[in-house]
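S.K.: Quick check, what structure comes out for this input:
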Amino acid sequence: MKKKFIWQVWVNLWTAFNLKVTRNLKVTRNIMITNDLEAHMGKRGGKMRKHLVLIGGGHAHMMTLENIGKFVEKGFKITVIGPSFYHYYSGMGPGMLGGTYTPKDIRFATQDVVQKQGGIFVKDRAIRIDPVKKQIYTKTGHTFSYDVVSFNAGSYVPMQAVRGKNDNIYSVKPIEKLMEAADKLKQLFSQKKISISIVGGGPSAAEVAGNVWQLAKKVNQYMPDIHIFAGNKFMARFPESIRVRVLSSLCKRDIQIFETGYVKNIKQDEICLETGEIFPTDFIFMALGVKPSTLFEESGLPVGPDKGLLVNKYLQCEKYPEIFGGGDCIYFKDQPLDKVGVYAVRQNPVLLHNLMAALEGKNLEVFDPGPEYLLIFNIGGGVGVLKKKGLVFKGKIAFMIKNYIDQKFMKKFQAIEKVL
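M.R.: Below you'll find the predicted structure:
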């Protein structure tokens, strides 16, 4: 009996000891993580390695993200600051809305790719930069010092016209908003007939309209009324050969396109035009032209006419040469670029080279925008409209070409996650 009692006491003491050790380890681990983050948030006591900060994990940073391990091997610190653990490929966003792809099909695991190569990922949003102190300030109140910084901060859809509640109002960017919209629409399509309004007259409006129609077809219960409020002219900046093909495809599906004036005010349940006309609605997509992040103008950095970060032929800010950028958030001084993913993809190798060169004090490489790009719109129903130089056509083959190119791009960079 005595031996049994002693044994029980020993077991209890050992258990208590282990629990204490476990708790202490957890606390120690948290302190280590905190200290590690603090070390990268501008506390540069003693001699430290050069620090590269990437703002955003978008298309223009893909090759740099892929090669973080090489930066680390050379002794550089790498921190990536992004609003999400994943980056969603915007070129496949409308297809995800229409149910052609799942969210998993169109995303890159940014956090995993960064951390597995020895970099640091911080889920946060940069709101200001001090180019003199070389510091980034984030939404959560943290400060990150840098030696070299690169911005791929993307763009946003203006929402100034929205008044009051916006429960059923969704912008086409970020892509996560399209994911939310798709889930909500699937429920609504199974319950009743609704009216959907798309504000905008460009390709985003066309792709969203066509893929909302496709989504409703997949649900196969109540088909919605779909309206596009396109200002004075739908697809105005594109050749008539493209415009006519997109128009005909959408009109065949009874998608109404209004070209009678611009939208003045938007409420949760109505669209009001400058002409005074009012249209009741149940669900709204904001598909107006995107604008670069306001970060640069608000930080006093040199910007272009569109308020994007002004960069030279090296994708570099001339006034502050340790600042680089790519994608929708920049204004390319030598040649204003359309805000399309193809330019961000072409900027990849140049940014990778120049960021490493800036850290090592070597020569920079010139960015060449390249020839006219292939343009393909996914207008839902497995139909695309393709343009390459003088060639323009519409149909299933156009969409198949786009799908092949997009899937190939995704597989290339998603493969990184599996290799690491």
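S.K.: quick one: the residue nearest to residue 95 when sequence neighbours are not counted from residue 56, how far?
M.R.: Leaving aside its chain neighbours, residue 95 sits nearest to residue 101 (4.9 Å; criterion: Cβ to Cβ, 6 or more residues apart in numbering). Heads up, the C-betas are built off the backbone N, CA and C, glycines and all. Residue 101 is 22 Å from residue 56, where distance means Cβ to Cβ, to the nearest Å.
S.K.: hmm, back to that, check what pLDDT the residue nearest to residue 95 gets.
M.R.: According to the prediction, residue 101 has pLDDT 97.
S.K.: Would you tell me what the next helix or strand after the helix or strand of the chain with the lowest mean pLDDT is?
M.R.: Least confident helix or strand of the chain, by mean pLDDT, DSSP states H and E, is helix 2-39 with a mean of 40. Later in the chain than helix 2-39, the nearest helix or strand by DSSP states H and E is strand 51-55.
S.K.: show me the contacts for residue 55.
M.R.: Residues in contact with residue 55 (Cβ atoms under 8 Å, 6 or more residues apart in numbering) are 81, 82, 126, 136, 149, 150, 151, 152, 153.
S.K.: ok, residue 101 and residue 56, which is more surrounded?
M.R.: residue 56 (27 against 20; other Cβ atoms under 10 Å).
S.K.: give me phi/psi at the more buried one?
M.R.: phi 100, psi 140 (degrees, to the nearest 10).
S.K.: Next one: it relative to residue 322, how far apart?
M.R.: 17 Å.
S.K.: now swap in residue 249 and tell me
M.R.: Going from residue 249 to residue 322 by Cβ to Cβ gives 48 Å.
S.K.: Of the two, give the one with the bigger neighbour count.
M.R.: Legend: neighbour count by other Cβ under 10 Å for residue 249 and residue 322, higher for residue 249 (22 against 16).
S.K.: Check the more buried one and give its pLDDT.
M.R.: So residue 249 comes in at 97 (pLDDT).
S.K.: Would you mind listing the residues in contact with it?
M.R.: Residue 249 is in contact with 210, 379, 381, 383, 385, 394, counting by Cβ under 8 Å, 6+ apart.
S.K.: Out of those, which is nearest to residue 171?
M.R.: For the contacts of residue 249, the closest approach to residue 171 (Cβ to Cβ) belongs to residue 210, at 17.9 Å.
S.K.: what about that closest one, helix or strand, and which?
M.R.: Residue-wise, residue 210 maps onto helix 203-219 under DSSP H and E.
S.K.: try residue 226
M.R.: Element membership of residue 226 [criterion: DSSP H and E] is strand 225-229.
S.K.: if we can go back for a sec, pLDDT of the helix holding residue 210, averaged?
M.R.: The model assigns helix 203-219 a mean pLDDT of 97.
S.K.: ok, now stretch 270-283?
M.R.: 95.
S.K.: shift numbering so it begins at 782
M.R.: Yep, numbering from 782; the last one is stretch 1051-1064 now.
S.K.: Who are the contact partners of residue 1044?
M.R.: Applying Cβ under 8 Å, 6+ apart, the residues near residue 1044 are 942, 980, 1010, 1012, 1052, 1053, 1054, 1055.
S.K.: Go ahead and build a ChimeraX selection from the buried members of those residues.
M.R.: A single ChimeraX command selects the buried members of those (16 or more other Cβ atoms under 10 Å):
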select :942,980,1010,1012,1052,1053,1054
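S.K.: can you tell me which of the contacts of residue 1044 are in strands?
M.R.: Of the contacts of residue 1044, the ones assigned to strands by DSSP state E are 980, 1010, 1052, 1053, 1054.
S.K.: Export these to TSV and append columns for distance to residue 1070.
M.R.: Converted to TSV, the ones in strands among the contacts of residue 1044 look like this (distance: Cβ to Cβ, whole Å):
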residue	distance to residue 1070
980	11
1010	14
1052	18
1053	20
1054	18
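S.K.: so which of the residues you listed comes closest to residue 1076?
M.R.: Among the ones in strands among the contacts of residue 1044, residue 980 lies closest to residue 1076 (Cβ to Cβ), at 24.9 Å.
S.K.: measure that closest one to residue 1065 for me?
M.R.: For residue 980, the distance to residue 1065 - Cβ to Cβ - is 7 Å.
S.K.: Common neighbours of those two, please.
M.R.: With Cβ under 8 Å, 6+ apart, residue 980 and residue 1065 have common neighbours 1047, 1052.
S.K.: neighbours of residue 922, just the number please.
M.R.: Counted with other Cβ under 10 Å, residue 922 comes out at 8.
S.K.: doesn't it fall inside a helix?
M.R.: No - counting by DSSP: H, G, I helix; E, B strand; the rest coil, residue 922 falls outside a helix, being coil.
S.K.: So which bits of stretch 1024-1044 are buried?
M.R.: 1024, 1026, 1027, 1028, 1030, 1031, 1034, 1036, 1038, 1039, 1044.
S.K.: Among those residues, which lie within strands?
M.R.: When these are checked against strands (DSSP E), the matches are 1038, 1039, 1044.
S.K.: Which of those sits closest to residue 921?
M.R.: Using Cβ to Cβ, those come closest to residue 921 at residue 1044, 34.6 Å.
S.K.: Who is that closest one paired with across the strands?
M.R.: Beta-bridge partners recorded for residue 1044 (DSSP bridges): residue 1054.
S.K.: how near is it to residue 924?
M.R.: 40 Å.
S.K.: for residue 886, what are its contacts?
M.R.: Contacts of residue 886 (Cβ under 8 Å, 6+ apart): 873, 877, 1191.
S.K.: Next, count neighbours for the nearest residue to the first one once chain neighbours are set aside.
M.R.: Nearest in space to residue 873, with sequence neighbours left out and distances taken as Cβ to Cβ, 6+ apart, is residue 887 at 4.2 Å. The tally of other residues near residue 887 (other Cβ under 10 Å) stands at 25.
S.K.: State the helix or strand in which residue 1152 lies.
M.R.: Going by DSSP H and E, residue 1152 is not in any helix or strand.
S.K.: That one - how many residues pack around it?
M.R.: Residue neighbour count, defined by other Cβ under 10 Å, stands at 8 for residue 1152.
S.K.: Ok, residue 1045 next?
M.R.: 14.
S.K.: Return the residues in contact with the residue nearest to it when sequence neighbours are not counted.
M.R.: Beyond its immediate neighbours in the sequence, the residue positioned closest to residue 1045 (Cβ to Cβ, 6+ apart) is residue 1055, lying 4.6 Å away. Counting by Cβ under 8 Å, 6+ apart, residue 1055 touches 1042, 1043, 1044, 1045.
S.K.: how many other residues sit next to residue 1169?
M.R.: Number of residues near residue 1169 (other Cβ under 10 Å) recorded here: 14.
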